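**Q** structure for the following, please:
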Amino acid sequence: MKETKYALGRLCFALALSIGVVLSCGSGGVVWAQAQKEKPVKVLTGEELYAINCSRCHTERYPTERTSAQWKTILMHMRVRANLPADQAKKILKYMQENN
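**A** Down below sits the predicted model:
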């Protein structure tokens, strides 16, 4: 019986290490496995989003080439054409308007 508990404990420990969770084993023992570290998500700026999304189809346009109102109209149109999420389009528009 003692050998069975020992084998069960070793199995639980090995399983916990392989899947990275906390498991309850046998007679109330708890095995802790190291939690997986998540990489922090990088938040892209309007300038970075502009460079990534807009350069796919055409050459770079400078914010000074249009007025703020023109950039707003262009972004409304391009948001649909480029399938941009609203939050990304807002960041790009803010970048274009603040730098013209």
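
**Q** for residue 74, what is the enclosing helix or strand?
**A** Counting by DSSP states H and E, the element that carries residue 74 is helix 68-81.

**Q** tell me which residues are up against that helix.
**A** Residues from elsewhere that reach helix 68-81, judged by C-beta atoms under 8 Å, 6 or more residues apart in numbering: 54, 63, 66, 84, 86, 89, 92-93, 96-97, 100. (C-beta placed from N, C-alpha, C; glycine too.)

**Q** export these to CSV and append columns for distance to residue 77 and neighbour count.
**A** Rendered in CSV, the data for those read as follows (distance: C-beta to C-beta, whole Å; neighbours: other C-beta atoms under 10 Å):
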residue, distance to residue 77, neighbour count
54, 12, 19
63, 17, 15
66, 12, 16
84, 11, 18
86, 14, 8
89, 11, 19
92, 13, 28
93, 12, 20
96, 13, 25
97, 16, 18
100, 17, 14
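
**Q** confidence-wise, which of those comes last?
**A** The member of the contacts of helix 68-81 with the lowest pLDDT is residue 100, at 88.

**Q** contacts only, for that one.
**A** Contact analysis of residue 100 by C-beta under 8 Å, 6+ apart lists 63-68, 71.

**Q** among these, who's most crowded?
**A** Neighbour tally across those (other C-beta atoms under 10 Å): the maximum, 22 neighbours, falls on residue 71.

**Q** that residue and residue 39, how far apart?
**A** As judged by C-beta to C-beta, to the nearest Å, residue 71 and residue 39 stand 33 Å apart.

**Q** narrow the contacts of helix 68-81 to those in strands?
**A** With strands defined by DSSP state E, no entry of the contacts of helix 68-81 lies inside them.

**Q** export those as CSV, with columns for distance to residue 46.
**A** As requested, the contacts of helix 68-81 are arranged in CSV below (distance: C-beta to C-beta, whole Å):
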residue, distance to residue 46
54, 11
63, 10
66, 15
84, 12
86, 13
89, 10
92, 5
93, 8
96, 8
97, 9
100, 13
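
**Q** return the closest of these with respect to residue 45.
**A** For those, the residue nearest residue 45 by C-beta to C-beta is residue 92; the value is 9.5 Å.

**Q** give me the pLDDT for residue 51.
**A** The predicted local confidence for residue 51 comes out at a pLDDT of 94.
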